[in-house]
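> here is my input; please provide its structure:
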Amino acid sequence: MESSRARRTAALCIFAGLGLGLGWATPAAAAPTLDGTVELPGAPFDGIAISPNGERLYVSLVASKNPDPPVNTIAVVDLTSDAVDAVIDLGDQGANNSSPRQLYLSPDGSLLLHSTYVDNLIVVDTETDTVIETLPNIGHSAMAVWAPDSSEFWVRDPTTETVNRVDAQTLTVTDSFPVPTPGSGTMPLVRTPDGARAYAVTSNNGGLGLSEPVVVHSFDTDAIAALDLYGVGTGGQGIAVTSAWVSPDGGYLYGSASVATSVAKVDLQDDSVAGNAAVPLYGEGTDISPDGALLYAYTNGYNAGETLVFDAETMMQVGSIDTTGQVSRFLTTSHHSAFAPSGCVVILPAALQNTIFAIDPAESAIIGTYDTPGETAYVVEFDPASARAYVTSRATGGAVSGTLTILALDPECVQAPDGSPCVEDDECASESCVDGVCCDTPCGGDNPDDCQACSVEAGAEEDGVCGLLVDVVCRPGDPDSCDAEELCDGESPECPPDESLPEFSPCPGGQCIDGFCIPGEETTGAGGTTDGVATDSGDSSTSTSAGPGETTGATDGSAGSDSGTGSSDSAASASASDTSTAGASTGDDGSATETESTSGTDSDSGGTAEDGCGCRGDASGRRGPAALALMALALSFTRRRRRA
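Down below sits the predicted model:
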């Protein structure tokens, strides 16, 4: 759901970019404040990740270049105390060739992936802060994406020119796809929010038989199959940095390269180009706002350039920002967004200017500048609630040291963490308000008929954590219409299919037959059982009315006496749908008198009989096919299939 803050941001940015002199000014967003720094035990580059609860930050470092071999590490920063809490030793991972590279944390926070320069993908257990596996030949500066449920991840390795699917439980490669990757440069791998599709985006040097500067490979991650390969964008061809983002709703992909003269918008429903936004050469990176309304294109060179702002729907330019200093390169390689999760502010590290910019996206204007003296600022990460931003910087001149700069964002930016009470999605850092609390996933979108819950009150084990329900009624039953209740099975988020009660289950006035409550028709007496027809009996009893078309009992009198069945004048004119009653009366002398019925026609015990709805049956009292059909038709209107 698009937040009100995001809609306002997009609208104001469009107004400002188009220069619509509206005669009023929007208050500028408050600039972030410096909230502290943390000295890092090594030199960072573009690897950074934060835990889902916002309490721990991971930064990849070169800890030592001497002695040989060099030492690479991951620093673990405790964000409750803003101090380095642990250091994970990785050994030699190619520190002399720049540094260790990207970090990718699983959505549940349990596993951390670290790509390297020596073709290894390192897997870290975040509970123990230890390396538990090293996967060879798939980790050379790899790009990785996780499945939403943390069950698997997909890794793109430019050295082996493959995309690999890895099971997160066994840490084994289960599938591998060839993906031609000409030259070096960053080669993104992105996934739709629901995890159903993955896209490997490549800068085209003409070797793939396509004329466009950007090539897109698509994969179906459910069917585990390669789907398509096509070119997008305009401009030249060559080996260059490539950037790609999928819109938050999963409908579009935005791709560009530093040799391209446009950012291409791809409709992922049919893998076709839906538009282009013109950019000059060296448009090295792109970014998209959390609500998908704004598209940023970083068109800077090394010491000059600007950030162009586009309306992501129309691809029209609505603003520009002077951000001299190569802000895009390391954001692009790390695939980290410069937008705070709430969308209220943009934090851009300007690597060659030893500077950090804060930008108000509503005004496309710089609202804060923060120096990193003697250090090159690389990448940014935000806590999930948008309360703080974390920027790594690395000492210039070859020193193996660095700093983590912490910026406190405007309180208006802050959104509630998972488990907090809420009413609307945009109150939550996760953008998902479910069962009255901020939830870690959309969790069925508050559908009352599914088998998911995100609050303890609704049946979840923990507030804010979406869980499957078990043995909970998700669709009530209705005995009157033979509708069975359905229970959640604890395995599927969907309520089981609607079912009827078992055949011949009791229902009010009868039994369930083929999903309908068919009224009962038994008449019980000492001499036998009929349907609305008196029988000879040696016993005397008083008859009772037992439902439509039914009579239970026998006449008073001596054995062998007859009880007749007749019809009253009023009953003779009754319709078949009228409810009938029948009974046998007892005379003053104890002899049986005529049994009266409101059925439409006289019947005798030796021939056919009509039931209480005026439908003719056989002598045994069983209803004929026509009677059952009429009853089924009438009752079908009352059958409740699903809870309102």
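
> all strands of the stretch 301-450 of the chain, in order?
With DSSP state E, counting those that start in this stretch as the criterion, the stretch 301-450 of the chain has strands at 307-311, 317-321, 346-350, 355-360, 365-371, 375-382, 388-395, 402-408, 433-434, 437-438.

> any chance of CSV for those strands, columns mean neighbour count, mean pLDDT and distance to Gly459?
(Each C-beta comes from the backbone N, C-alpha and C, glycine too.) Below are those laid out as CSV (neighbours: other C-beta atoms under 10 Å; pLDDT from 0 to 100; distance: least, C-beta to C-beta, whole Å):
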stretch, mean neighbour count, mean pLDDT, distance to Gly459
strand 307-311, 24, 94, 42
strand 317-321, 19, 94, 45
strand 346-350, 26, 92, 39
strand 355-360, 24, 94, 42
strand 365-371, 16, 95, 45
strand 375-382, 25, 93, 32
strand 388-395, 24, 95, 34
strand 402-408, 21, 97, 37
strand 433-434, 26, 93, 12
strand 437-438, 26, 93, 13
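
> for those strands, give me JSON lines that also has distance to Leu210.
Formatted as JSON lines, the strands of the stretch 301-450 of the chain follow (distance: least, C-beta to C-beta, whole Å):
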{"stretch": "strand 307-311", "distance to Leu210": "24"}
{"stretch": "strand 317-321", "distance to Leu210": "27"}
{"stretch": "strand 346-350", "distance to Leu210": "32"}
{"stretch": "strand 355-360", "distance to Leu210": "35"}
{"stretch": "strand 365-371", "distance to Leu210": "38"}
{"stretch": "strand 375-382", "distance to Leu210": "31"}
{"stretch": "strand 388-395", "distance to Leu210": "36"}
{"stretch": "strand 402-408", "distance to Leu210": "40"}
{"stretch": "strand 433-434", "distance to Leu210": "43"}
{"stretch": "strand 437-438", "distance to Leu210": "44"}
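
> quick one, which of the ones you listed is nearest to Arg191?
strand 375-382 (19.1 Å; C-beta to C-beta).

> and what about Val87, helix, strand or coil?
Three-state call for Val87 (DSSP: H, G, I helix; E, B strand; the rest coil): strand.

> can you tell me how far it is from Glu381?
Applying C-beta to C-beta, to the nearest Å, the value for Val87 to Glu381 is 18 Å.

> now Ala264
Counting by C-beta to C-beta, the gap from Ala264 to Glu381 is 27 Å.

> for the residue most central in space within the chain, give me its contacts.
The centroid of the chain falls nearest to Pro442 when counting by C-alpha atoms, centre = their mean (5.0 Å). Contacts for Pro442 (C-beta atoms under 8 Å, 6 or more residues apart in numbering) come out as Ser432, Val434.

> what's the pLDDT at it?
pLDDT, Pro442: 89.

> dihedrals phi and psi, it?
Main-chain torsions, Pro442, degrees, to the nearest 10: phi -60, psi -30.

> I'd like to know how far it sits from Glu424.
For Pro442, the distance to Glu424 equals 14 Å [C-beta to C-beta].

> and if you look at Asp149?
For Asp149, the distance to Glu424 - C-beta to C-beta - is 25 Å.

> then Thr261?
In terms of C-beta to C-beta, Thr261 sits 41 Å off from Glu424.

> likewise for Ala416?
To Glu424, Ala416 is 11 Å away according to C-beta to C-beta.

> what about those two, which has more around it?
Ala416 (17 against 11; other C-beta atoms under 10 Å).

> buried residues in stretch 79-88, which are they?
By neighbour count on 16 or more other C-beta atoms under 10 Å, the buried set for stretch 79-88 is Leu79, Asp82, Val84, Val87, Ile88.

> for those, which two are the farthest from each other?
Maximum pairwise distance among these (C-beta to C-beta): 18.9 Å, between Asp82 and Ile88.

> from Glu152, how far off is Asp222?
11 Å.

> out of the two, which sits in the more crowded spot?
Glu152 (18 against 10).

> quick one: Val118 and Gln93 touch, right?
Yes - Val118 is within contact range of Gln93, at 5.7 Å (criterion: C-beta atoms under 8 Å).

> low-confidence ranges, the stretch 51-200 of the chain, go.
Applying pLDDT under 70 to the stretch 51-200 of the chain flags the ranges 67, 95-100, 182-186.

> quick one, helices of it?
With DSSP state H, counting those that start in this stretch, there are no helices along the stretch 51-200 of the chain.

> hmm, back to that, how much space between the residue nearest to the centre of the chain and Asp463?
Distance from Pro442 to Asp463, counting by C-beta to C-beta: 16 Å.

> cool, and Asp167?
Going from Asp167 to Asp463 by C-beta to C-beta gives 31 Å.

> higher neighbour count, these two?
Comparing Asp167 with Asp463 by neighbour count (other C-beta under 10 Å), the higher total belongs to Asp463, at 19 against 13.

> surely the more buried one meets Ala453?
No - using C-beta under 8 Å as the test, Asp463 is too far from Ala453 to be in contact (10.1 Å).

> for stretch 463-477, measure first residue to last.
End-to-end distance for stretch 463-477: 29 Å, by C-alpha to C-alpha, to the nearest Å.

> kindly report the same for stretch 309-325.
End-to-end distance of stretch 309-325 (C-alpha to C-alpha): 17 Å.

> and what of stretch 131-143?
Stretch 131-143: ends 19 Å apart by C-alpha to C-alpha.

> list the buried residues of it.
Buried, per 16+ other C-beta under 10 Å, within stretch 131-143: Val131, Thr134, Leu135, Ile138, Gly139, His140, Ser141, Ala142, Met143.

> can you tell me which of these are in strands?
Val131, Thr134, Leu135, Met143 (DSSP state E).

> how confident was the prediction at Ser328?
For Ser328, pLDDT reads 69.

> and what of Gly560?
Per the predicted model, pLDDT is 41 at Gly560.

> what stretches of the stretch 451-600 of the chain score poorly on pLDDT?
521-600.

> how about 80 then?
Where the stretch 451-600 of the chain drops to pLDDT under 80, the residues are 520-600.

> in contact with the nearest residue to Asp418 once chain neighbours are set aside, which residues?
Closest residue to Asp418 apart from its sequence neighbours, by C-beta to C-beta, 6 or more residues apart in numbering: Gly464 at 3.4 Å. Going by C-beta under 8 Å, 6+ apart, Gly464 touches Pro417, Asp418, Gly419, Ser420, Val437, Cys438, Cys439, Asp440, Cys454, Ser455.

> ok, now with 10 Å
By C-beta atoms under 10 Å, 6 or more residues apart in numbering, Gly464 lies in contact with 53, 416-420, 422, 428, 430, 432, 434-435, 437-440, 443, 454-456.

> surely Ser401 touches Ala75?
No - checked against C-beta atoms under 10 Å, the pair Ser401 and Ala75 is beyond contact range at 11.6 Å.
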